[in-house]
Structures are given as structure tokens and as C-alpha cells.
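# Kindly return the folded structure for what I paste below:
(one chain, ligands or ions: 1)
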Amino acid sequence: MELYLFVYLSLVALPFMSLTFLLIFCEVSHKHWKRNGVFSLKPTLLFGNAKDIVLQKEGMGMSMKHFYDNLKRNGLSFGGYYFLMRPLLVLSDLDLIKRVLITDFSHFVDHPFYINEENDPLSANLYALQGDRWKNRRSKIGAAFTAGKLKLMFETVVATCQELIDVIDEKAGRNGAIDINDIIADLGVDIIGSCAFGLECNSFKKPNNKFKYYGLQYLHAQSMWGAFVFLLLFTFPAIFKIIKPNIHNKEMTEFFVRLVKDVAKHREENNIIRNDFMHSVLQIKNNAEISESSFGSVNSSNGTQNKEEGISITEIAAHCFAFFVAGYEPFSTATSFCLYELSLKTELQGMVRQEVKTVLQANEGKLTYGAVMDMKLLDKCVNETFRKYPSATSHIRLCTETYKVPNSNFSIAKGTTVFIPVYGVHMDPEYYPNPEVFDPERFSEENLSKRPAESYMPFGLGPRKCPAYQFGLLEIKAALVTLLQRYRFSLHPSTKVPITMNPKNAVMHPSSTIYLCAERN
Ligand code: HEM
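Numbers count the residues shown, from 1 in each chain. Sure thing, here's the model as predicted:
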């Protein structure tokens, strides 16, 4: 009899009770915004407002844009969104966005991410660190990106970009279609390999190198396992804290930690100075004297190690790994989108090429940090690319201290996840008339002064803004100058126009390949 009862409970009652519990939980969760007097759209059972995202019919950026448009139509500064059962607060008012990201940042310090430092050390990277630990690391790591150091690292970037020429020459000679994103992505691996880890990867000649293999393994896994983890993390963050899953696989973690250990040992023993991020983080570890404009010794002058902060080799590996993940995709996609737009607008491309040639000629043909800074039209084109195609389509913050929204009766409760719909703002005709049109003149001084500065935020804003955005811009410009100086680009007939975005990607990524033709002159 008891056995019968047990089998009955396991097979019938438990699934039934679980389903009932899930439905009740869903029903209660989907009343959250109504209970708080906040506007929201009618949620679908289980999916909330994210049905099209979960079914991969629409990307996160587009879904948030639609919600942003809805809030604007209703004259609202914020509204509630349900990601499955998880309530998120979406902001649409630039003044409120500025308060959350900059002025009242102390209430919104963290990214709502999960760290499991003990079993998954790569998870404890700068992007995911929270509170005082983030503050401490951020101020130190920021020292790796001063203008003086960027100038020195730029030389490495330019040298790496030279690899492009042989590859494009070969394709251009055969009049073939060039998968530009693929080529620039390989270049991205080599630049990060060189600037963050001090490695020469040469991905064009050695496409199966281990650094690329393990780095991309993580990024590719993001599309399936990552999407699943992302859904769970957003819906049931408490479960993550209990079951503590590993997001980064063991083999990949071991590869990056071993790599960093070997490089650190070699540099420390031989007191090697190299102009890269790895050098800067090793200096932090060793309490070495850090200068704004140069990369000094990697070891401390009095031989003491930095015990106070306890920055370990595994933590360094986590930060360097984050450089790979954070820098790789935006570099390849932004460079490709810019070339795609310039291939559509041949007159504009001619003007940019002319500017590049004129500035280089005045600089004895050398591509230096100063020369790239003088390319004003190129700068506007890159800015417009990030406006129309922001890699991060939303910024995310965790409310770390309850916040009363000015001029309203509503308080954002501690623990609320807040979304800033970057793509919605960048495509808002109030700030950017005819937003679908690629128009670099939006970034002329005159036009810049006509709209609020917060209407442009591809790198975030405030203390948590991307610490390496200037480096990112420099590498994109170095790649574009290397290419535009030598080649005229046009669209291959197999490229889809207009280009659409892949709803399966967390960041903005084309849904079809951008094929270009290059003609040398
Ligand atoms: C040019 C392309 C890049 C774009 C569009 C970009 C964009 C972003 C965005 C939107 C954020 C989040 C900001 C926020 O939450 O407000 C971010 C953070 C971050 N980015 Fe970038 N990024 C780029 C390049 C890079 C590169 C090249 C690196 C490393 C070498 C890097 C390292 C980081 C790190 C470590 C963070 C976390 C910062 C923190 O939480 O304190 N990024 N980036």
C-alpha cells in the first residue's frame, strides 16, 4: 500500500503539484507591476512579454525598442516588462536614464550577474564583479587604458592590422566575395591575443590556434547553453545562488589560467616590459609603480607582492578573459557594419578614403595615434555605425539601494533589474530624424549640440561605462584605415539589403553574411 502511494505521488501528484505551483508563481509574478501601479503590457502565460525572444523570432534589442516606443507613445518615463516571470523596469526618459547611470549611480552600482569564484574562476571578471570589490578593481584596471598607454598599444594594433593586407589582396585578386565579418573576427582574435595576453596568434595562417579555439568556444556556446543560462538567470536568480552551476567549461578555464600563469612567470622572472593589458594587471598584482604614460617594470621596486588586495593569477585570467569576450564581437561587427554602409554609399566612401589618404600623406604615410585622431569624417562614420548598430542593445543595472524616482510616487525597490533600451533611444526620431538612414553628419559639432548627450550611449555611461571603449574605437579605426587606404569596397550581389539582425544573438549580429568585393587602387 505504501509503495503504491509512493509511486502514485511520484508519477501523478508531484508533476501536478509542480505545475500548479509554477502556474500560481507565474500568476503572482505577472501581477507585480499592477501591484506597484506601473504601466505594463499584458503578459502571456509563462513567457511574460518575451515570447518572441524566447522563440527566437525577435532579438532582445528589438523587443525592448518596441516597448520603449510604446512608453514614449504613452508619455511615460518608465514601464514594467516581464521577462518570463521576472519583472524588469525599462526606462524611456533620458533624464531618468542619466540619473540611474550617472548622477544617482550609487543606487545602481552592479550588473545583475552571477559569480562563482571558487568553482568557476573566470566568472569573477570585471563585468560581473559587484560592490566594493568592483570599485577597487575598476579603479586599478582603469590605469591600463590611459591615453599614454593607448598610444603605445596602438603601435601593436597597427602592426597586427598589416596581416589584413595579404588576406584581402588574395581575395581581391580573384575578384571573390569577401566574408568581411569572418576576416575581421580573425583579426580581432589576433589583436586581443597580442594586447591582452602578449601572444602572436596569427589566426589567418593558423586558423586552428588554441587561443582562438578556446576563446570562441565560449562565445559560440553563448548562443545555445548561454541563451538557456541567461533565461534561467533572469527568471530565477535565486536558483543560481543555490545550485552554483559553472558557466565556463573546465578545459577552457584551465587553458586560460595556465596561459596567464606561464606568461606571468616568464615576464616576472625576466622582468620583461611589454606594452599590453597583461603587463598592467601584473603590475597591479605585484604592487609595481604604475605610470600614466608608460609601462614600467612588472615587479615592485622594493620586492613586495600586493598581498593587501589579494589579486591572484586566476583573477588576472578572469579579467584578461573578459577583455577577449567584451572586445571581440563589437570590434568585428562594427567594422563590418561600417564597411557595409560605406559600400552602399559610394560617394561617402570616396570622401572617407580621400581623408585617410590626405592625413596619411601629411604624416609621411605612417598610421599613428595622432594621425587617426585627425580623421574627423572617419570618426563620424564610426560613431554613426555604433548609433545604428549598437553592439549592446540594452544596458542593465541592479538596483542596489531603494531609489525614489524624482517627480513620481514610485520607488525602485532594491533588487530590481533595470533596463536601458539603448537601441530604442538610438532609433528614436526625436533625437535622430529618419533613424534608418546612415548619416555621419549627425555627429557634426552643430548637430551634437542639438540633442542631449545621453541620447548616444553605445559604451554605457557613468562609472560603469566600458573602460576600454577608446581602445575599441582605435582598433576599429586602425582596421578601417588599413583597408580604405588600399581598397575600394562594394557590395557583392549575394549580400542582403537591407541587412537584418539575427534574433538568436545576444549582441547585434547580422542574420546573413556580409559579402563585399574589394578593388585595389
Ligand atoms: C568598441 C567596442 C566596444 C563596445 C561597443 C563595448 C561596449 C561595452 C558596454 C556597453 C559595456 C557595459 C557598459 C555599462 O554597463 O554601462 C562594456 C563594459 C565593459 N567592456 Fe566594453 N566595449 C567595447 C570594447 C571593449 C574592449 C576592447 C574591451 C577590453 C579590452 C572591453 C572591456 C569591457 C569591460 C571589462 C567591461 C566591464 C566594465 C565594468 O563593468 O566595470 N570593451 N563595454
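# going forward, measure contacts between C-alpha atoms and count neighbours the same way
Noted.
# longest helix in the protein, by residue count?
Longest helix in the chain, counting residues (DSSP state H): helix 313-344.
# roughly how far out does the very next helix or strand once past that helix sit from the chain middle?
As assigned by DSSP states H and E, the chain's next helix or strand after helix 313-344 is helix 346-362. Distance of helix 346-362 from its chain centroid, counting by CA atoms, centre = their mean, to the nearest Å, is 29 Å.
# Now do helix 346-362 and helix 313-344, the angle between them.
Helix 346-362 runs at 120 degrees relative to helix 313-344, counting by axes from the mean of the first three to the mean of the last three CA atoms, to 10 degrees.
# Outside of whatever helix or strand comes next after helix 346-362 itself, list whatever touches it.
Following helix 346-362 in sequence order, the next helix or strand is helix 369-373 (DSSP H and E). For helix 369-373, contacts defined as CA atoms under 8 Å, 6 or more residues apart in numbering pick out 151, 154, 359, 360, 363, 474, 477, 478.
# Flag the least confident of those residues.
Within the contacts of helix 369-373, residue 151 has the lowest pLDDT, namely 86.
# ok, now which ones touch that one?
residue 369.
# quick one: buried residues of the helix or strand hosting it?
Using DSSP H and E, residue 151 sits within helix 147-161. Neighbour counts over helix 147-161 (16 or more other CA atoms under 10 Å) mark 149, 150, 151, 152, 153, 154, 155, 156, 157, 158, 160, 161 as buried.
# any idea how far the second one is from residue 286?
With the distance defined as CA to CA, to the nearest Å, residue 150 ends up 22 Å from residue 286.
# same check, this time on the fifth one
According to CA to CA, residue 153 and residue 286 sit 21 Å apart.
# now do residue 107
Residue 107 is 33 Å from residue 286, by CA to CA.
# go on, residue 468?
22 Å.
# more neighbours, the two?
Legend: neighbour count by other CA atoms under 10 Å for residue 468 and residue 286, higher for residue 286 (22 against 19).
# What's the local residue count around residue 203?
Counted with other CA under 10 Å, residue 203 comes out at 21.
# Let me know the secondary structure of the nearest residue to it once chain neighbours are set aside.
Residue nearest to residue 203 in three dimensions, not counting chain neighbours: residue 186, with 5.7 Å by CA to CA, 6 or more residues apart in numbering. Assigned by DSSP: H, G, I helix; E, B strand; the rest coil, the conformation of residue 186 is helix.
# do stretch 206-219 and the ligand meet?
No. Applying CA under 6 Å from any ligand atom, one finds stretch 206-219 separated from the ligand by no less than 13.7 Å.
# where's residue 467, which helix or strand?
According to DSSP H and E, residue 467 maps onto no helix or strand at all.
# and if you look at residue 251?
helix 250-270.
# Output the contacting helices and strands for that helix.
helix 210-221, helix 313-344 (3 or more CA pairs under 8 Å, 6 or more residues apart in numbering; DSSP states H and E).
# Go through that helix and flag the buried ones.
252, 253, 255, 256, 257, 260, 263, 264, 267, 268.
# Could you identify the most distant pair in these?
252 and 268 (24.2 Å; CA to CA).
# Residue 88 against residue 415, yeah?
No. Using CA atoms under 8 Å, residue 88 is not in contact with residue 415; the gap is 10.3 Å.
# Give me the more crowded residue out of these two.
Taking neighbours as other CA under 10 Å, residue 88 and residue 415 compare with residue 88 leading, 20 against 14.
# That one pairs with what?
residue 81, residue 417 (DSSP bridges).
# dump the residue contacts of it.
With CA under 8 Å, 6+ apart, residue 88 has these contacts: 80, 81, 82, 416, 417, 418, 419.
# Tell me the residues of the stretch 401-521 of the chain that contact the ligand?
So far as CA under 6 Å from any ligand atom goes, the stretch 401-521 of the chain lies against the ligand at 458-461, 464-469, 471-473.
# Over to the chain?
126-127, 138, 322-323, 326-327, 330-331, 391-392, 395-396, 458-461, 464-469, 471-473.
# give me the number of residues near the residue of the stretch 1-150 of the chain found nearest the ligand?
Proximity of the stretch 1-150 of the chain to the ligand (CA to the nearest ligand atom) peaks at residue 127, 3.6 Å away. By the criterion of other CA under 10 Å, residue 127 has 20 neighbours.
# Tell me who's in contact with the nearest residue to residue 77 once chain neighbours are set aside.
Excluding the flanking residues, the one nearest residue 77 by CA to CA, 6+ apart is residue 93, at 4.6 Å. Residues near residue 93 by CA under 8 Å, 6+ apart: 76, 77, 78.
# so where's the stretch 151-300 of the chain uncertain?
173-175, 220-231, 234, 290-300 (pLDDT under 70).
# The chain too?
1, 9, 173-175, 220-231, 234, 290-310.
# Recalculate using a threshold of 50.
305-308 (pLDDT under 50).
# show me the residues around the residue nearest to residue 141 when sequence neighbours are not counted that make contact.
Closest residue in space to residue 141, ignoring its immediate chain neighbours: residue 281 at 6.9 Å, by CA to CA, 6+ apart. Contacts for residue 281 (CA under 8 Å, 6+ apart) come out as 141, 144, 316.
# Quick check: residue 180 touching residue 518?
No. Contact between residue 180 and residue 518 fails when scored by CA under 8 Å: they sit 10.2 Å apart.
# Between the two, which is the more surrounded one?
Comparing residue 180 with residue 518 by other CA under 10 Å, the one with more neighbours is residue 518, at 25 against 21.
# Could I get the contacting residues of that one?
By CA under 8 Å, 6+ apart, residue 518 lies in contact with 168, 171, 172, 175, 178, 487, 488, 489, 490.
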